[in-house]
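Peer 1: Build me a model from this:
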Amino acid sequence: MWLVAFASLTSCKDGNNKPNITFTVNDSKEWKKEFTEKLSLLGHRNWIIVADKAFPQQTATGIEYMDTHEKIGPVLEVVLAELKKAGHVEPLIYQDKELQYLTDGQSKGIDAFKTGITKIIGATPAQTILHDSVFTKLDQSSKLFKVLVLKTDELLPYTSVFMQLNCAYWNGDSEKKLREKMGGNP
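Peer 2: From the prediction side, this is the model:
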């Protein structure tokens, strides 16, 4: 088990003098263990991002990074399997809209990537959103909620997968019925 927490050695600070903690995992088995431990603490409104190599490190204090040293596909498979096993949250999946328009002519290997990711995501519906819009959502969310970024070694553009977590045992319809029963009171 070899985990290096750069925050304890070289803590970066944002403009508010709050530490931006980044973890780097040096063993592919270790990131999985670390992710599973962190997942138990995540809940409704948290985010998990399985990011390509060029995904930027941001200064928001609510964003935490782990380096997996793997490609997006295998990392996404682990994340989705662990989410399913956890039972307390389920993902609302977002992908970059730009990905739909890329071809092998523009980025060699992108067609196979898209086919593979579609198989991994399976029946879980994925919404598309313009890449820059994702950063707006993350900025808003990271002010109150944890965002966990799993960096990968993927070198294809617009391939990151964004997952906003919802409660798995209480849905929007249940909440609406509860609010109606309460007379519309929050």
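Peer 1: What strand or helix carries G43?
Peer 2: Element membership for G43 (DSSP states H and E) is empty, with no helix or strand holding it.
Peer 1: Name all residues that make contact with it.
Peer 2: With contact set as C-beta atoms under 8 Å, 6 or more residues apart in numbering, G43 has these partners: H88, V89, L165, C167. Placement of C-beta: from N, CA and C, glycine included.
Peer 1: do the same with V75
Peer 2: Counted by C-beta under 8 Å, 6+ apart, V75 has contacts V50, T68, L150, T152.
Peer 1: ok, then the element right after the particular helix or strand that has T118 in it?
Peer 2: Element membership of T118 [criterion: DSSP H and E] is helix 110-121. Sequence order places strand 126-129 as the next helix or strand after helix 110-121, per DSSP H and E.
Peer 1: which residues are contacting the helix or strand just after that next one?
Peer 2: Sequence order places helix 131-142 as the next helix or strand after strand 126-129, per DSSP H and E. For helix 131-142, contacts defined as C-beta under 8 Å, 6+ apart pick out 45-47, 49, 58, 60-63, 94, 96-98, 129, 147, 158, 160, 162, 164.
Peer 1: and stretch 57-70, average pLDDT?
Peer 2: Averaging pLDDT along stretch 57-70 gives 92.
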